[in-house]
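J.: coords below, sequence missing:
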């Protein structure tokens, strides 16, 4: 793992695990929810100890209250595919609600309402639509890469990862292109912890959310009176299950689609560069055999695990392994741990671009909530690496990556690189 630069987002918290040895503390004291160890890139030993010694782990006290952690691949699959036992309502985040508001969205709903709303927007990532998008994505990737200076330091996150995913989101929403950076800001503000560098206070975050609602309400009003288009706003405005949504539910679904379209791809584009720099033999393997790119894309998504967890809430008293979980308990599926479970994924701590069964990872979730845009994310990453190999010998990481202050979004805020020509 790279040593990363850990800018503490705020004063040290009594809950932080940073700098602690997971093997030197009582199991009961381990708390994975605090963002500190994720930003400092110190989380893996904590996951490993729990996976081996207490794979369904109860954290009695934390800044977000008590919760269960599920660490093993097969147990996560069981939780993820049992919506009748483990509910996605009221939220998929570890915090119960934001201080001022809760945003309903189909990711935080159970069937049948979840299924009805998801079906409305599913068409945007249907195979025919993806085929139509491929040439547009390639054109944009080429334009972005051709505009990069070779041989001087740049910020890969800002100049490539954010730029590409923001342009893509603008297309999916048919969002005014000149305002596209608002989408990035709203996405970051929606998932950020106040004081962590994006928003300083809950009030500032609420301001961003309201600005997002006002903008998307205007787009809704324009499109509801037109023929249905092939963009997400039109789909929501005309969809049988979504056209009468209250404003907060519309906003919740918009933010879900922005974050879903933004974080996974963006952080995997950056994460792939980091992984190849940490594993130069794999970079050599890639240069010798570009045909490995599609398989490597899946391995990058496993390795990065752009969303560290998803939460469920127990609907009924239940037993997982030998642990008795009560109705109402929070249950956190740590995808970042399941993706390192050697029982299911051999040599899971190694980054192997020719790994057999590389798509067998947990990063997209499973069951009814499996990530809707998984094929689009894979396609964007594939095209990025196809075009990188056409142009450059290597993208060299030249400084410590800076990680996001979050235990939910596993991503990069800054990645200094120098590009070397072929």
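T.: Structure received. Worth saying up front: this structure is predicted, and the values here are computed from it rather than measured.
J.: all strands for the protein, in order.
T.: Along the chain, counting by DSSP state E, strands occupy 56-59, 67-70, 86-87, 153-155, 309-314, 318-320, 323-325, 330-334, 392-397, 402-403, 412-414, 416-421.
J.: how about residues contacting the last one?
T.: Okay, so that is strand 416-421. 148-156, 273, 391-399, 401 (Cβ atoms under 8 Å, 6 or more residues apart in numbering). For every residue, glycine as well, the C-beta is placed using N, CA and C.
J.: filter those down to the buried ones, ChimeraX style.
T.: The buried residues among those can be selected in ChimeraX (16 or more other Cβ atoms under 10 Å) with this line:
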select :148,154,155,156,273,392,394,395,396,397,401
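J.: Throw the strands of the chain into JSON lines and include mean pLDDT and distance to residue 216, thanks.
T.: Below are the strands of the chain laid out as JSON lines (pLDDT from 0 to 100; distance: least, Cβ to Cβ, whole Å):
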{"stretch": "strand 56-59", "mean pLDDT": "98", "distance to residue 216": "36"}
{"stretch": "strand 67-70", "mean pLDDT": "98", "distance to residue 216": "32"}
{"stretch": "strand 86-87", "mean pLDDT": "96", "distance to residue 216": "27"}
{"stretch": "strand 153-155", "mean pLDDT": "98", "distance to residue 216": "29"}
{"stretch": "strand 309-314", "mean pLDDT": "96", "distance to residue 216": "24"}
{"stretch": "strand 318-320", "mean pLDDT": "98", "distance to residue 216": "38"}
{"stretch": "strand 323-325", "mean pLDDT": "98", "distance to residue 216": "37"}
{"stretch": "strand 330-334", "mean pLDDT": "98", "distance to residue 216": "30"}
{"stretch": "strand 392-397", "mean pLDDT": "98", "distance to residue 216": "35"}
{"stretch": "strand 402-403", "mean pLDDT": "96", "distance to residue 216": "30"}
{"stretch": "strand 412-414", "mean pLDDT": "96", "distance to residue 216": "25"}
{"stretch": "strand 416-421", "mean pLDDT": "98", "distance to residue 216": "34"}
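J.: okay if I get those strands as TSV plus distance to residue 286?
T.: As requested, those are arranged in TSV below (distance: least, Cβ to Cβ, whole Å):
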stretch	distance to residue 286
strand 56-59	37
strand 67-70	34
strand 86-87	39
strand 153-155	21
strand 309-314	30
strand 318-320	39
strand 323-325	42
strand 330-334	29
strand 392-397	10
strand 402-403	24
strand 412-414	20
strand 416-421	14
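J.: so which of these is nearest residue 184?
T.: Nearest of those to residue 184, taken as Cβ to Cβ: strand 412-414 at 11.8 Å.
J.: who touches the closest one?
T.: 5, 155, 157-158, 161, 197, 267, 270-271, 274, 401-404.
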